[in-house]
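K.L.:
Sequence and predicted structure are below.
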Amino acid sequence: MNQASLTISKITDLANPTRFLALARRVIPWLAILTALFFAIGLYLSFTTEGDYQQGMTVRIMYVHVPAAWLSMMCYTVMAVSAIGTLVWRHPLADVSHKSAAPLGAAFTFIALVSGSLWGKPMWGTWWVWDARLTSVFVLFLMYLGLIALNRAVDDPSKAARLSAVLILVGFVNIPIIKFSVEWWNTLHQPASVVRMGGPTIDAEFLRPLLVMAIAFTLLFFTLHIAAMRNEIWRRRIAVQRRLAARMAGRETSQ
């Protein structure tokens, strides 16, 4: 069996909810430990760096704002991949993945919006401007809320999964708009200074804690995402058991 066949076999094995639960039980504690470790290092570096000569100590908001903004887009990308898995491959855990990720994406986007507003006030002199970057991120936040509401409004899980998957893929057009908005339009928001052609333009003193915090936020997302998927699987199993118990009780009553 070649490497590609082995990879496909492993992915197929994880389609089994029971095997996924066993994997989650082993992985979550280690992810939680790594998350706490990187947050401890990142926060230490964040509070021990000098202030920026222009922004002063407000530059430290960057260590929360930028990772949260990255995660808001990465979370939606994970949802888009899961949506493809729902519509194309009918992967049993794909809809569990994008349903579990939506509240996390909303939380990271909210943190990005609030921290950006706090950072914008001393830098721009205003809490909010309706420029391309801020508006598109706000639209992303509304999209997350809409998907959460849809999943709660539709009782049939399979129908909700298909509807959500279609909306996720349609809404993915907003991700490149967010990414390239500062290049396509004239905005107050600064252009990319870390992930860019030619390398980062940010000073190494600020880049180190920023990258450590980005890793910490990413580990936090995957920890919470896997835990949320595990909880969703348990919730669905309990719901099935309750329906079976209700049917059995109905049969006994009719007899």
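P.N.:
Ah, there it is. Numbers count the residues shown, from 1 in each chain.

K.L.:
any weak-confidence spans in the stretch 51-200 of the chain?
P.N.:
Counting by pLDDT under 70, the ranges of the stretch 51-200 of the chain that qualify are 51-56, 185-186, 188-200.

K.L.:
hmm, 50 instead?
P.N.:
Residue ranges of the stretch 51-200 of the chain with pLDDT under 50: 197.

K.L.:
List the contacts of residue 63.
P.N.:
42, 46, 209-210, 213 (Cβ atoms under 8 Å, 6 or more residues apart in numbering). The C-beta positions use only the backbone N, C-alpha and C, and glycine is treated the same way.

K.L.:
where's it relative to residue 179, distance?
P.N.:
21 Å (Cβ to Cβ, to the nearest Å).

K.L.:
hmm, back to that, type out the ChimeraX command that picks the buried ones from the contacts of residue 63.
P.N.:
With 16 or more other Cβ atoms under 10 Å as the criterion, this ChimeraX line picks the buried residues out of the contacts of residue 63:
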select :42,46,209,210,213
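
K.L.:
Of the contacts of residue 63, which belong to helices?
P.N.:
42, 46, 209-210, 213 (DSSP state H).

K.L.:
Of those residues, just say which sits nearest to residue 99.
P.N.:
Checking the ones in helices among the contacts of residue 63 against residue 99 by Cβ to Cβ gives residue 213 as the nearest, at 27.4 Å.

K.L.:
I figured that closest one was touching residue 67, is that so?
P.N.:
Yes - using Cβ atoms under 8 Å, residue 213 is in contact with residue 67, at 5.1 Å.

K.L.:
With distance to residue 146 as extra columns, can I get the ones in helices among the contacts of residue 63 in a markdown table?
P.N.:
Shown next, in a markdown table, are the ones in helices among the contacts of residue 63 (distance: Cβ to Cβ, whole Å):
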| residue | distance to residue 146 |
| --- | --- |
| 42 | 32 |
| 46 | 34 |
| 209 | 34 |
| 210 | 31 |
| 213 | 29 |
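
K.L.:
what's the closest of those residues to residue 90?
P.N.:
Here the nearest of those to residue 90, counting by Cβ to Cβ, is residue 213; it sits at 37.4 Å.

K.L.:
list the contacts for the closest one?
P.N.:
Per Cβ under 8 Å, 6+ apart, neighbours of residue 213: 38-39, 42-43, 46, 63-64, 66-67.

K.L.:
Contact partners for the residue lying closest to residue 171 once chain neighbours are set aside?
P.N.:
Using Cβ to Cβ, 6 or more residues apart in numbering and skipping residues adjacent in sequence, the residue nearest residue 171 is residue 143, 4.9 Å away. With contact set as Cβ under 8 Å, 6+ apart, residue 143 has these partners: 76, 167, 171, 174.
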